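Novice: Provided below are the primary sequence and the corresponding predicted coordinates.
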Amino acid sequence: CGFVTDLPREAGPGRGRSVSNLQLGVGVGALGFRAVTYVIAEPCVDVKDGACVDECPVDCIYEGVRALYIQPDECVDCGACEPVCPEVAIFYEDDLPSEWSAFAQANADFFSAVGSPGGAGRIGPLPYDAPLVAALAPKD
């Protein structure tokens with residue numbers, strides 16, 4: 001059917017794709033569907049360790065007030081962020097545990113206002129979160 005998920009995927013980090021989802025033309029709205037990529041889920045909320053930000057080779061992990069978010073159009077799907085997350089909060093979208101499935105949409109919602117700025121370092125932390133994250137009770 002032409003979705004990114006129809007492409008072959010190897011196991012583990014560096015899943016074999018060397019171009020960004022934006023370069024493939026499969027970003028949000030580009031072909032009428034959202035790119036499949038990595039998602040940062042609930043364990044990151046109110047933690048924001050940042051090891052994933054340091055590891056990301058394309059600077060596609062953006063900071064909100066309470067969580068970090070992966071820009072699906074800028075992500076090259078390398079998987080470098082996943083193993084360094086101490087909270088085990090990063091999942092390939094197809095592997096996202098069902099209890100955190102809403103975080104895939106929350107990740108996309110976070111970027112609805114800014115689109116694809118071309119790198120988190122260019123704009124710095126953003127003063128908001130996805131509505132799902134903003135509505136969560138603060139962690140102790």
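Specialist: That came in fine, so what should we check first?
Novice: just checking, next helix/strand downstream of the lengthiest helix in the chain?
Specialist: Longest helix of the chain, by residue count under DSSP state H: helix 102-110. Using DSSP states H and E, the helix or strand that follows helix 102-110 in sequence is helix 120-123.
Novice: other SSEs contacting that following helix?
Specialist: Packing partners of helix 120-123 (3 or more CB pairs under 8 Å, 6 or more residues apart in numbering; DSSP states H and E): strand 61-63. For glycine as for every other residue, the C-beta is placed from the backbone atoms N, C-alpha and C.
Novice: who touches the strand it packs on?
Specialist: 40, 48, 52-53, 68-71, 81, 110-111, 114, 120, 123-126 (CB atoms under 8 Å, 6 or more residues apart in numbering).
Novice: strand partners (parallel or antiparallel) of it?
Specialist: Partner strands and pairing direction for strand 61-63 (DSSP bridges) are strand 68-70 (antiparallel).
Novice: what's the span of stretch 100-116 from first residue to last?
Specialist: End-to-end distance for stretch 100-116: 24 Å, by CA to CA, to the nearest Å.
Novice: if you count neighbours, what's buried in it?
Specialist: By 16 or more other CB atoms under 10 Å, the buried positions in stretch 100-116 come out as 100, 103-104, 106-111, 116.
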